[in-house]
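Visitor: Mind looking at a prediction? Sequence and model below.
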Amino acid sequence: MEKKKKKKSTKEEAPAEAPAPAPAAEAKRESSRGSRKAKRTGSNVFSMFSQKQVAEFKEAFQLMDHDKDGIIGKNDLRATFDSLGRLASDKELDEMVNEAPGPINFTQLLTLFAARMSGGSDDDDVVINAFKTFDNDGKIDSEKLRHALMTWGDKFSGDEVDDAYEQMVIDDKGFIDTQKLITMLTASAEEGEGEEGEAA
């Protein structure tokens with residue numbers, strides 16, 4: 001009978017120990033859910049780059065992540081600038097870190113690069129200064145602007161320039177009023193932001 005009791009006591013102890021590993025399994029499930037969610041969220045940003053570009057960004061991220069915690073923070077940026085022989089002020093470092101809405105992990109870094117590369121972050125003064133380079137006494141020569149739009153940077157097609165010109169006031173001599181153009185472009189951007197804010 002004692003043997004049976006020992007077996008029973010062993011059996012009784014085993015169930016008491018069994019629940020302990022269960023929370024670890026639950027924790028694993030929670031973390032895998034979170035990582036799946038992170039991958040799903042970031043999939044769009046990864047599709048914006050070639051595999052080679054993603055690999056190059058990953059290598060750069062690893063070089064910048066000096067403490068190897070998977071997050072680029074202020075100290076990582078400082079160490080990166082130091083290694084390049086450039087001193088960065090606290091203000092500059094804070095501004096860089098604060099460009100991201102949260103911690104700068106690899107996906108967030110790619111998102112920042114994508115935003116910069118898409119040109120989605122042009123401030124009004126950037127737009128104003130760009131068009132003022134074409135300004136001559138308050139007017140822009142539409143043919144010179146057409147040539148520039150179709151020749152440099154993200155090249156426009158002839159149809160795209162025509163579509164844009166349909167929105168502009170061009171006088172009978174082929175000139176665009178610079179101030180009216182700037183007002184139209186900056187007002188459109190503000191209205192677009194306002195609509196997005198209302199939709200959210």
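Guide: Yep, that arrived.
Visitor: and stretch 105-125, which residues are buried?
Guide: Applying a neighbour-count criterion of 16 or more other C-beta atoms under 10 Å, one finds 105-114 buried in stretch 105-125. Any C-beta I mention is one placed from the backbone N, CA and C, and that applies to glycine too.
Visitor: same deal with stretch 70-83?
Guide: Quick answer for stretch 70-83 (16+ other C-beta under 10 Å): 72-73, 76-78, 80-81.
Visitor: Ok, stretch 151-164 next?
Guide: Applying 16+ other C-beta under 10 Å to stretch 151-164 flags 156, 161 as buried.
Visitor: Stretch 54-72 now?
Guide: Quick answer for stretch 54-72 (16+ other C-beta under 10 Å): 54, 57, 61, 64-66, 72.
Visitor: Distance to Asp137, pLDDT and secondary structure for those - can I get that in TSV?
Guide: Shown next, in TSV, are these (distance: C-beta to C-beta, whole Å; pLDDT from 0 to 100; DSSP: H, G, I helix; E, B strand; the rest coil):
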residue	distance to Asp137	pLDDT	secondary structure
Val54	48	89	helix
Phe57	45	90	helix
Phe61	49	93	helix
Met64	47	93	helix
Asp65	52	95	coil
His66	53	94	coil
Ile72	48	95	strand
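Visitor: farthest-separated two in the residues you listed?
Guide: Val54 and His66 (21.2 Å; C-beta to C-beta).
Visitor: before we move on, back to that, farthest pair in the buried residues of stretch 70-83?
Guide: Gly73 and Phe81 (13.1 Å).
Visitor: From Leu112, how far off is Ser157?
Guide: 29 Å (C-beta to C-beta, to the nearest Å).
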